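> Sequence first, predicted coordinates after that:
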Amino acid sequence: MEEEEHHGCNFHEMELDDRILKAIAKQGWEKPTLIQEKAIPLLLEGKDVLIRARTGSGKTGAFAIPAIQKILNSKSVAREQAVKCLILAPSKELCHQIYTNILQLTIKCSREVTCVDISAPVDLSAQQSLLTERPDIVVATPSRALAHLKAGNIDLKKSLEVLIIDEADLVFSFGYEDELKQILRFLPRIYQATLASATLSEDVLNLKKLVLHNAVTLKLEESELAPATQLSHYHLAAEEEDKAAILYALLKLHLIRGKTVIFVNSVDRCYRLKLFLEQFGIPTCVLNSELPANVRCHSVNQYNNGVYDIIIASDEKALEEPHEVKEPKKKSKRKKDKESGVSRGIDFQYVSNVINFDFPLDVNSYIHRAGRTARGTNQGTALSFVSIKERPLMQEVEEFLQKSCGDNGNILKAYQFKLEQVEGFRYRAKDAWRAVTRIAVREARLKEIKQEILNSQKLKSYFVDNPRDLQTLRHDKALHTVKIQPHLADVPDYIVPAALKQLSRVGISRKKNRLGNSRNKLAGVSKAKAKYEAKKANPLKSMEFFGFKKRKTS
Ligand SMILES: Nc1ncnc2c1ncn2[C@@H]1O[C@H](COP(=O)(O)OP(=O)(O)OP(=O)(O)O)[C@@H](O)[C@H]1O
C-alpha cells in the first residue's frame, strides 16, 4: 500500500477516547502527521502494520495512540490487570523516549493505563516488583524482555494483545535476532504486531516475515528526510586542520544560532572537540556509547529542556580516530554498550542545526543525523564540513537528496567560506587544537566516565529524595585536561570580519542577557520552545553576511 495524499484529517475524526484526545492537545499536536493519519485507523482496525516513514515523522504516536486506545477498550469490558502490550526498541535511550511519550499520551488516563520501562541495566530482581503489578504496557530492549520472560517475571502467553518493534531496521544489526526469535516463543498464538522503521532494509523484511501476519505495509512515498522547505542542506569545503577554526568562528560569531547537535565519527573526537571548544569558553555536552545509559538519557532530557545549546555526539558506526590512526587498530578494551544507539531515533527537540564536523560514513548515517533536526513540523539546517577525501561520500549523499527530493534543483547547497577573513580565529584555533593532545583526550574520556558514574551511582538515592537537585546536575562542565587561558573566551574586535562587527556585537550582548537568565533555562520545554521559535526562521541566515555567498554545487 503506497499513499501520498495528506487529507489533513483531524485526531477528533479517529474515534479516539477523549482522554487520549486531551493528552494529544496538551502535547500541542494540532493534526496527525501523514504517517499517523494513515497508520492509526489501520491499527485501530486490528491490522498488522509495517510502518515505513521518515525519521522524525511521528512514528511513536502512530503506534502508541492505537495501543493505548486498545487497552482502554479492553478495560471497559474486563478490568483484569495484565501486560497487554510489549514494545521493543534496540536501545535504552529509545525505550526511555517511548516510555516518556506514552506517559504523556496517557496523562489523562494514567490510572487506567500503566506503563513501565525495564530497559535499565539493573538487577532483574530490582525490576521484578514493577512487573508484579502487571503494567498494561512494557517497554524493553529485546535482551531485557527475554531475561524477564525466562526468569518468569512476566507472562505474556495469555494476555498479550499488541507487540510493537520500533526502529526495526536496527534490531538485527544490534545483534538481537536470536533474542527476538526466543521472545516469540513466549507470546500467544494471536496478537497484533507492528514494526516501525525509517528504512525498508532486508533486515526489516526478514523481521516482517518473522513477526507480522497478513500485514499492511505503509510505505509513504515521501522522502526519507523532511522536505527542502523544512530542512536545508549545506556543505562547506574544509580540510581537517581548518574544520575546528571554522566551527569556532561560526559559534563565536553567532553565525550558528539556536540549538545544535555536532556529529563526529568517534568517541575520541567527541572529547577532542569538547576540549577544543572548552578553551574558548564554549560549553558542550558529549553523548557517546561509553557513558552510562541513565546519564545519556538525563543529558538528552536536559538538552530538550533547554539547559544546553550544544551536544557533541559520536556516531556508533564510526571508526576510532579515522584521520589519525596509522598503526593497525587494536580492539578497544573499553566496554561499549551494545544497547546504546547514541543518536539513532533519539528525539532531540527544537534542534535548529545539525553539523557534521566529520562527514558521515554512508548515506543512511547522513539521513539519521540530519533527521535530528526539522522534526515534526519544525524547521532545521544540516551543515556538513567536507574534506577532499570525503567528497565521494558527499556526492553519494547529494545524489540521494536529488533523487529523494524529486526536483532538479540543488538541494545540497555550498557555502563559499572565506577562511582568510577569519585569519585571527584560525591562528588561535591552531594552537588550541594542538593543545588537545592524545593524553588530554584520554584523560578527559576517563575523567568524564568516572564523574558520571559517580553522579549516577553514588548520588542516585540522594537524587531520589531531592529531584530538584538533579535538574541542576550539568553534563557540560569543563573537563580541564587542557590548560584554559581565560583570554581565549573573548573575541577581540580586531579578529571579527568587518562585515560582521555589527552583527557579532548584537550577538554577544544577546548572549550576555541569556547568561543572566540562565536560571530560566531550567524552566523547561516551553522556554526551549520559545527560544527555538524566535530563531527558527533561518538559523544559518547570517552566514551570508560572511562574505561567502550561496553558490550552486558543481
Ligand atoms: N501530530 C504531531 N504534530 C506535531 N508534532 C508531532 C506530532 N507527532 C509527533 N510529533 C513530534 O515530532 C517529533 C518526532 O516524533 P517521533 O520521535 O515519534 O518520530 P519518529 O518518526 O519516531 O522518528 P525516528 O525515526 O527518528 O525515531 C517529536 O518531537 C514529537 O513530539
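Cool, the structure landed.
> mean confidence for the helix or strand hosting residue 181?
Residue 181 belongs to helix 177-184 when assigned by DSSP states H and E. On average, the pLDDT along helix 177-184 is 91.
> cool, and stretch 150-166?
Averaged across stretch 150-166, the pLDDT comes to 94.
> does the ligand sit close to that stretch?
No. Stretch 150-166 is not in contact with the ligand by C-beta under 6 Å from any ligand atom; minimum separation 7.1 Å. For every residue, glycine as well, the C-beta is placed using N, CA and C.
> Would you map the strands across the stretch 151-300 of the chain?
162-165, 192-197, 216-220, 231-237, 259-264, 285-287 (DSSP state E, counting those that start in this stretch).
> now the longest one, how far from the centre of its chain.
Think strand 231-237. 19 Å (C-alpha atoms, centre = their mean, to the nearest Å).
> And the last one, by the same measure?
Average the C-alpha atoms of strand 285-287, do the same for its chain, and the two points are 12 Å apart (C-alpha atoms, centre = their mean).
> for it, packing partners?
When contacts are defined as 3 or more C-beta pairs under 8 Å, 6 or more residues apart in numbering; DSSP states H and E, strand 285-287 packs onto helix 267-278, helix 293-304, strand 310-314.
> what about residue 76, how many neighbours?
Residue 76 has 10 neighbours, counted by other C-beta atoms under 10 Å.
> Can you give the contact residues for the host helix or strand of it?
Element membership for residue 76, per DSSP H and E: helix 59-77. The contact list for helix 59-77 (C-beta atoms under 8 Å, 6 or more residues apart in numbering) reads 16-17, 19-20, 24, 29, 32-33, 35-36, 39-40, 43-44, 51, 53, 84-85, 87, 97-98, 101-102, 105-106, 109, 112-113, 136-137, 161-162, 164, 166, 192, 194, 196, 347.
> Let's see which of the residues you listed end up in helices.
Among the contacts of helix 59-77, DSSP state H puts 19-20, 24, 35-36, 39-40, 43-44, 97-98, 101-102, 105 in helices.
> tell me which of these is nearest to residue 295?
residue 97 (15.2 Å; C-beta to C-beta).
> Neighbours of that closest one, how many?
Using other C-beta under 10 Å: residue 97 sits among 23 other residues.
> Look up the closest residue to the residue nearest to the spatial centre of the chain, ignoring the ones flanking it.
What sits nearest the mean C-alpha location of the chain, by C-alpha atoms, centre = their mean, is residue 346, with 2.7 Å. Once flanking residues are discounted, residue 346 sits nearest to residue 93: 5.5 Å by C-beta to C-beta, 6 or more residues apart in numbering.
> now residue 53
Closest to residue 53 by C-beta to C-beta, 6+ apart is residue 35, at 3.9 Å.
> contacting residues for that neighbour?
51, 53, 57-59, 62, 218, 220.
> Just checking the helix holding residue 76 against the ligand, any contact.
Yes. Contact of helix 59-77 with the ligand (C-beta under 6 Å from any ligand atom) involves 59-61.
> Mind listing what's buried along that helix?
Across helix 59-77, burial judged by 16 or more other C-beta atoms under 10 Å covers 59-72, 74-75.
> so that helix versus strand 192-197, what angle?
Counting by axes from the mean of the first three to the mean of the last three C-alpha atoms, to 10 degrees, helix 59-77 lies at 170 degrees to strand 192-197.
> picking that back up, does anything pack onto the helix holding residue 181? Which helices or strands?
If contacts are counted by 3+ C-beta pairs under 8 Å, 6+ apart, helix 177-184 sits against helix 142-150, helix 202-211.
> now the residue of the stretch 101-250 of the chain found nearest the ligand: how far from residue 370?
Across the stretch 101-250 of the chain, the shortest distance to the ligand (C-beta to the nearest ligand atom) belongs to residue 198, at 4.5 Å. Counting by C-beta to C-beta, to the nearest Å, the gap from residue 198 to residue 370 is 12 Å.
> just residue 404 next, same as before
On the measure of C-beta to C-beta, residue 404 and residue 370 end up 11 Å apart.
> try residue 206
According to C-beta to C-beta, residue 206 and residue 370 sit 27 Å apart.
> And these two? Which one has more around it.
Set side by side, residue 206 and residue 370 show more neighbours around residue 370, with 27 against 14, by other C-beta under 10 Å.
> Test my guess that that one contacts residue 224.
No. Residue 370 is beyond contact range of residue 224, at 9.4 Å (criterion: C-beta atoms under 8 Å).
> Quick one: residues contacting the closest residue to residue 102 other than its chain neighbours.
Nearest-residue entry for residue 102: residue 115, 4.7 Å, with adjacent residues in sequence omitted and distances by C-beta to C-beta, 6+ apart. Applying C-beta under 8 Å, 6+ apart to residue 115 gives the contacts 99, 102-103, 106, 135-139.
> Please list only the buried members of those.
Among the contacts of residue 115, the ones that count as buried by 16+ other C-beta under 10 Å are 99, 102, 106, 135-139.
> Would you mind giving those as CSV with distance to the ligand and pLDDT added?
Output for these, formatted as CSV (distance: C-beta to the nearest ligand atom, whole Å; pLDDT from 0 to 100):
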residue, distance to the ligand, pLDDT
99, 13, 96
102, 11, 97
106, 15, 97
135, 21, 96
136, 20, 96
137, 16, 97
138, 19, 97
139, 14, 97
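> Which two among these are spaced furthest apart?
The most distant members of the buried ones among the contacts of residue 115, if one measures by C-beta to C-beta, are 106 and 138, lying 13.9 Å apart.
> Could you tell me the angle between the helix holding residue 76 and helix 34-44?
Orientation of helix 59-77 against helix 34-44 (the same axes, to 10 degrees) gives an angle of 30 degrees.
> Now do helix 59-77: distance to the chain's middle.
Distance, stretch centre to chain centre, for helix 59-77: 25 Å (C-alpha atoms, centre = their mean).
> so it versus strand 216-220, what angle?
140 degrees.
> re earlier: my read is that the residue nearest to the centre of the chain contacts residue 96, right?
No. Here residue 346 does not reach residue 96: they are 9.5 Å apart, not a contact under C-beta under 8 Å.
> Among the buried ones among the contacts of residue 115, which one lies nearest to residue 271?
residue 99 (29.6 Å).
> Not including adjacent chain positions, what is the nearest residue to that closest one?
Distances taken as C-beta to C-beta, 6+ apart place residue 117 nearest to residue 99, at 3.7 Å, with adjacent residues excluded.
> check contacts around the one you found.
Counting by C-beta under 8 Å, 6+ apart, residue 117 touches 95-96, 98-99, 139-140.
> Check residue 176 too.
Counted by C-beta under 8 Å, 6+ apart, residue 176 has contacts 90, 141-143.
> 10 Å instead?
88, 90, 141-143, 145-146, 165, 170, 183, 207, 338-339 (C-beta atoms under 10 Å, 6 or more residues apart in numbering).
> Distance-wise, check whichever residue of the stretch 251-400 of the chain sits closest to the ligand relative to residue 364.
Relative to the ligand, the nearest point of the stretch 251-400 of the chain is residue 376 (2.9 Å; C-beta to the nearest ligand atom). In this view, residue 376 and residue 364 are 21 Å apart by C-beta to C-beta.
> where are the low-confidence patches of the stretch 101-250 of the chain?
Filtered on pLDDT under 70, the stretch 101-250 of the chain yields the residue ranges 221-222.
> Around the ligand, pick out the residues from it.
Residues of the stretch 101-250 of the chain lying close to the ligand (C-beta under 6 Å from any ligand atom) are residue 198.
> The residue nearest to residue 214 when sequence neighbours are not counted and the ligand, how far apart?
Nearest non-adjacent residue to residue 214, counting by C-beta to C-beta, 6+ apart: residue 48, 6.4 Å away. Relative to the ligand, residue 48 is positioned 19 Å away (criterion: C-beta to the nearest ligand atom, to the nearest Å).
> Am I right that residue 48 is in contact with residue 215?
Yes. At 4.1 Å, residue 48 counts as touching residue 215 under the criterion of C-beta atoms under 10 Å.
> pLDDT weak spots in the stretch 451-554 of the chain?
451-481, 498-554.
> Tell me, how many residues neighbour residue 431?
Using other C-beta under 10 Å, the number of residues around residue 431 comes to 11.
> what does residue 421 give?
By the criterion of other C-beta under 10 Å, residue 421 has 19 neighbours.
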